[in-house]
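**Q** quick one, what's the 3D model for this:
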Amino acid sequence: MTEPTAPIAEIPLISTTARIGWTLLIVATLYVCYFSHLGAIGFVGPDEPRYAWIARDMTETGDWVTPRLYGKPWFEKPPLFYWGAALSFKLFGVSEAAARLPSAVSALLATLALAWLALRLYGAETARWLLLLLPTTVGMIGFSHAAATDMPFSAMLTIAMVCAAVVLGLTRKENSPFIPQTPWLALVLFGFFLGLAVLAKGPAAIILCGGTVFFWALFTKRWRDALRLFHPAALASFCLTALPWYILCARRNPDFFRIFIIEHNFKRYFTPEFQHIQPFWFYIPILALGLLPWSVSAIGLLRDAKLSWKESGWPNSPGPFFACWAIFPVVFFSLSKSKLPGYVLPVIPPLQLLVAQSITLRVRKTFPGDRWIRITSGVTLITLSLFTFLQSERIDFGWAALVLAAGGFAMVFPGNLWRLSQALMTGVIALIVAVTLALTGATRRALDDSVSARSAIRTAHVIWNNYSPELSSTYKLRRSFQYSLNFYFHRELPGWSPSQAQPGWVYAPAREISALRDLGLNCPFNALRHAVIVCEDPGSANRRPPSGQPQ
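**A** The predicted structure follows:
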């Protein structure tokens, strides 16, 4: 077996002051990007309120095996996220922040595991850049603040792939024995975290991991190393982690196999039944958005990888492993008939590790092009600031946009006066400050009004205090807002009909405010400020009939 080369030589040790500065910036980045303001806005989209409902149901019923939505078994996803959110509810109470905490913790664990691998493979500088660049991507910030299964799945798969890299021998030094001792801990952890990934989203974890390792072995001819992943210790750890819940849930629910495996895995992939139809190239712009503001930095990876792999030798370099890890999921999900943005979240960690290594090489002046990286990253920040500023009609992102613009201009114009590392640190600081500003004060409240139904409930309690919350219904709401209201009211709200006397609160889209007023409802809110408005239905006595019907 060919021995891997040693990691790239470390640069001289940094001073104590620089080390403290790096540490503070890394800790601030991890906290702001993953944990700050988890409950700043109410539940968004159709998944967050449903997943939170299932987790709350588990804590209330004590049934941690069968996921239930509105009292009925619901087998769209396995239970790992539900377990994490239910445990968070028990510890911290039921809230949006508690529901999103498992995603934030998962993102942190994956980032630390990948940074450890970067340290072993490329050295401390690459690990430091990874700890700054990976958390500040749009994809990691967004999904770490989402009560959904995407981040736990991506994180568990990432940690499993880190363990796989150890088992495959990518982290061995030149002075390691020719036949190394079996990495028992790495084997056990590989099976354990791959099992958790299967518990997070299903058998796709096995396909993504297996496809990555297969093509890595195919390109590097290291089949013997790849077969180590089938070691009995890894297989036993995987089975003990993943299989008990599947077996127990199938025994309690005869329809589980058909609904989960056939409908939500095979049919979701091979048929357009779930209506998530997108073109083959869908994930190219999605990845570009997910990697922002460092998307442009990834363009130079091909050249950098070619030079790096040429120096160390194709089979010996860890680069092909990360390339297969990044490319195979994109190809696999591009072939699917159902495409959602979160499917390629597992691609962001390996890509950002390669970007961090590329940045390290440029900082050390090994490769040219640091000025190009500096300018394009700065221009990206300026573009983001313009985009956020253009949203000011609905949400005042003024200060956040100003900070992003200042950071971008600082990276672009005085770029010849300072090093690439200083420019990138400026960009990171601008990002974490902008994220903080966007999730505080009036900006947070306006954002909450625009994307969540939570503010409508608060408004109703202030304005209409003469009806019980039990007398509430909905009218032509999108399903995301409908599910959110169901969670907050702890029950399924009925639909409101103008033909029946249903006094109480009516939650409706802002665009329906004129129609509801014409039907005799009291709607005192400005439709331009609320995604969901609330009206008072006084009952049949004061209601006008719908247009076209006799008085």
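**Q** alpha carbons only for contacts and neighbour counts from here, please
**A** Will do.
**Q** can I assume residue 125 is in contact with residue 361?
**A** No. Counting by CA atoms under 8 Å, residue 125 stays clear of residue 361, with 9.7 Å between them.
**Q** quick one, what contacts residue 32?
**A** Contacts for residue 32 (CA atoms under 8 Å, 6 or more residues apart in numbering) come out as 432, 435-436.
**Q** if you set the cut-off to 10 Å instead, what comes out?
**A** By CA atoms under 10 Å, 6 or more residues apart in numbering, residue 32 lies in contact with 26, 38, 135-136, 141, 431-433, 435-436.
**Q** what's the answer for residue 463, then?
**A** Counting by CA under 10 Å, 6+ apart, residue 463 has contacts 524, 534-536.
**Q** buried residues in stretch 130-146?
**A** 130-141, 143-146 (16 or more other CA atoms under 10 Å).
**Q** let me fix that: stretch 279-287
**A** Buried-residue list, stretch 279-287, by 16+ other CA under 10 Å: 282-283, 286-287.
**Q** likewise for stretch 514-526?
**A** 516-517, 519-523, 525.
**Q** greatest separation within these: which pair is it?
**A** 519 and 525 (15.9 Å; CA to CA).
**Q** residue 242 is in what secondary structure piece?
**A** helix 232-252 (DSSP states H and E).
**Q** just the residues contacting the helix or strand just after that helix, thanks.
**A** Next helix or strand after helix 232-252 toward the C-terminus (DSSP H and E): helix 256. For helix 256, contacts defined as CA under 10 Å, 6+ apart pick out 66, 73-76, 246-247, 249-250, 262.
**Q** so what secondary structure elements neighbour the helix holding residue 242?
**A** Packing partners of helix 232-252 (3 or more CA pairs under 10 Å, 6 or more residues apart in numbering; DSSP states H and E): helix 184-201, helix 256.
**Q** quick one: average confidence on that helix?
**A** On average, the pLDDT along helix 232-252 is 95.
**Q** among the buried residues of stretch 279-287, which ones are in helices?
**A** Of the positions in the buried residues of stretch 279-287, 283, 286-287 sit in helices, assigned by DSSP state H.
**Q** quick check on the contacts of helix 256: which are buried?
**A** If we count by 16+ other CA under 10 Å, these have these buried: 66, 74-76, 246, 249-250.
**Q** and the helices in the stretch 351-500 of the chain?
**A** Taking DSSP state H, counting those that start in this stretch, the helices of the stretch 351-500 of the chain run over residues 370-390, 398-412, 420-438, 441-451, 454-463, 479-489.
**Q** in the longest one, what's buried?
**A** The reference is to helix 370-390. So helix 370-390, judged by 16+ other CA under 10 Å, has buried residues 370-386, 388-389.
**Q** do the same with stretch 263-281
**A** 263-265, 267-269.
**Q** which one among those gets closest to residue 237?
**A** residue 265 (23.8 Å).
**Q** my assumption is that the closest one lies in a helix; please confirm.
**A** Yes. Secondary structure of residue 265 (DSSP: H, G, I helix; E, B strand; the rest coil): part of a helix.
**Q** how near is residue 207 to residue 56?
**A** 31 Å (CA to CA, to the nearest Å).
**Q** adding distance to residue 329, write the buried ones among the contacts of helix 256 out as TSV.
**A** Putting those into TSV (distance: CA to CA, whole Å) gives the following:
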residue	distance to residue 329
66	29
74	27
75	24
76	21
246	24
249	28
250	28
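**Q** wait, which of the contacts of helix 256 is closest to residue 507?
**A** Lowest distance from residue 507 to these (CA to CA) belongs to residue 74, with 26.1 Å.
**Q** show me what contacts the closest one?
**A** Residues counted as contacts of residue 74 (CA under 10 Å, 6+ apart) are 54, 66-68, 256, 259-260.
**Q** just residue 77 next, same as before
**A** Contacts of residue 77 by CA under 10 Å, 6+ apart are 51, 67, 149, 198-202, 260-261, 264-265.
**Q** equivalent analysis for residue 479, please.
**A** Contacts of residue 479 were listed using CA under 10 Å, 6+ apart, and they are 45-47, 485.
**Q** which two of those residues have the greatest separation?
**A** 47 and 485 (12.8 Å).
**Q** which of the ones in helices among the buried residues of stretch 279-287 lies closest to residue 116?
**A** For these, the nearest to residue 116 is residue 287 (24.1 Å; CA to CA).
**Q** in space, what's closest to residue 119 - neighbours in sequence excluded?
**A** Spatial nearest neighbour of residue 119, excluding adjacent residues (CA to CA, 6 or more residues apart in numbering): residue 127 at 5.2 Å.
**Q** tell me, how many residues neighbour the one you found?
**A** Number of residues near residue 127 (other CA atoms under 10 Å) recorded here: 25.
**Q** ok, residue 91 next?
**A** 10.
**Q** tell me the angle the strand or helix carrying it makes with helix 184-201.
**A** Following DSSP H and E, one finds residue 91 within helix 80-92. Calculated by axes from the mean of the first three to the mean of the last three CA atoms, to 10 degrees, helix 80-92 forms an angle of 90 degrees with helix 184-201.
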